[in-house]
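A.B. asks: no sequence for this one, just the structure:
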DNA sequence: CCTTTCATCAAGCATTTGATTGAATAGATG
DNA sequence: CATCTATTCAATCAAATGCTTGATGAAAGG
């Protein structure tokens, strides 16, 4: 019990800090950076308005921390999913791996979905400091590009890169779509059956007329 | 000169009214409904703050009118583009027609692009009163679906509808992407060469493994 | 020429925003 | 026990928000 002793005050502080981050995450996912207010976050987190200044310095800093955390969680999942692909993988397998984090988030819902929505929003209005993760994004893109080149040898790199962008955009769009639209609340299998072919088609392009 | 006589006061009023709408359109396209303030619009339109209340009743009403006007312009262009398709049209032709308004807006830029951005934003955060245009959207979707069924006889309707949604989302995503990304400021030909195959692929799906 | 009508404007309104302050509370330390 | 420290809280701040008001100017109408 000696080394397990902790300062209860500090622990309580970290708890409200975490509550603030979670509340910010949910609200940012729902309404975006412009539509989230200090009072709303603190009341959702059951904390005092001053707690934000105390723990993060400012509302902006809190949002930045929340977005950063979302990005880290997302990139980890996305890298793990795409990293397992070998050069022999089919476009279907690529599409499945590429979409896996998004599909999981959609099935599970809750905070995982919020993370995805925040990342997707960042594709439209990139928060400052976003470029800190450029290298990680490039890593994912490189993995995708490798599989694409193996499957579509006749297509220029520029086109393949663009199609990767399209595929990502397609996914992000579906994530940001208002709940109640097509995919939300469906089973993993149903989502895959609809999404994977469309996504694989985007990668493949209309090569055969 | 008899019937051409107009009230100069009223004409001036209509001019500032139009200036307000244009300013609102630009700002809404850039920052979305949450990020636009009364003072910003009126200063961009070179008008007094009270002009908004006078001409539209409220800021919300002004934004609603601007969004509605954008939707009308968009739907007209989209319907015209897709309506020319026959049942014999290839997926390439379908993709070209489907993307034509977006491509034109991207090449021309300016207010046309603002219109597209507002419509795209509406796909994520649908403004109230949006469903007034559901019928018009359905018309476009029906035209697309007709061509899709002729080209992809083995695929279920539900999948084709979903792929139409994916294609629209893909386009909207590229429209909303920050300027400076891939497509912006490129020639129509360059944009088409990149976009049409990707879009046609999305429609076609990965039917042949 | 006088009155009315339409549009614009500076000034001010109440509310909400993010942020700060000093006191109060609860736990840790010696 | 007393002292210190980390956290929370109600109260408050200046700035920005959307909106209204009464005055002002200019064109229109009789």
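C.D. replies: Sure, I can see it. This is a predicted model, so every value here is computed, not measured. Numbering: from 1, shown residues only, chains lettered A, B, ... in the order given.
A.B. asks: okay, CA-based contacts and neighbour counts for the rest of this
C.D. replies: Noted.
A.B. asks: in stretch A:154-164, which residues are buried?
C.D. replies: For stretch A:154-164, a neighbour-count test (16 or more other CA atoms under 10 Å in any protein chain shown) marks A:159, A:160, A:161, A:162, A:163, A:164 as buried.
A.B. asks: over to stretch A:37-56?
C.D. replies: Residues A:38, A:41, A:42, A:44, A:45, A:47, A:51, A:52, A:55, A:56 are the ones in stretch A:37-56 that count as buried (16+ other CA under 10 Å).
A.B. asks: for the helix or strand hosting residue A:101, packing partners?
C.D. replies: Under the criterion of DSSP states H and E, residue A:101 resides in helix A:91-108. The elements that helix A:91-108 packs onto, with contact taken as 3 or more CA pairs under 8 Å, 6 or more residues apart in numbering or on different chains; DSSP states H and E, are helix A:59-83, helix A:110-124, helix A:134-151, helix A:157-176, helix A:188-204.
A.B. asks: now render those as JSON lines, adding mean pLDDT and distance to residue B:133.
C.D. replies: Below are the helices and strands packed on helix A:91-108 laid out as JSON lines (pLDDT from 0 to 100; distance: least, CA to CA, whole Å):
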{"stretch": "helix A:59-83", "mean pLDDT": "97", "distance to residue B:133": "35"}
{"stretch": "helix A:110-124", "mean pLDDT": "96", "distance to residue B:133": "25"}
{"stretch": "helix A:134-151", "mean pLDDT": "96", "distance to residue B:133": "38"}
{"stretch": "helix A:157-176", "mean pLDDT": "97", "distance to residue B:133": "21"}
{"stretch": "helix A:188-204", "mean pLDDT": "97", "distance to residue B:133": "26"}
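A.B. asks: which of those sits closest to DNA strand D?
C.D. replies: Among these, the nearest to DNA strand D by CA to the nearest atom of the strand is helix A:59-83 (13.9 Å).
A.B. asks: any idea how far the residue of chain A found nearest DNA strand D lies from residue A:49?
C.D. replies: At 3.3 Å from DNA strand D, residue A:10 is the closest residue in chain A, using CA to the nearest atom of the strand. Taking CA to CA, to the nearest Å as the measure, residue A:10 falls 19 Å from residue A:49.
A.B. asks: same for whichever strand or helix holds residue A:40, what does it pack against?
C.D. replies: Counting by DSSP H and E, the element that carries residue A:40 is helix A:38-44. Packing partners of helix A:38-44 (3+ CA pairs under 8 Å, 6+ apart): helix A:8-31, helix A:49-56.
A.B. asks: is DNA strand D contacted by the last one?
C.D. replies: Just to be clear, that refers to helix A:49-56. Yes - Helix A:49-56 lies within reach of DNA strand D by CA under 7 Å from any atom of the strand, at A:49, A:50, A:51, A:54.
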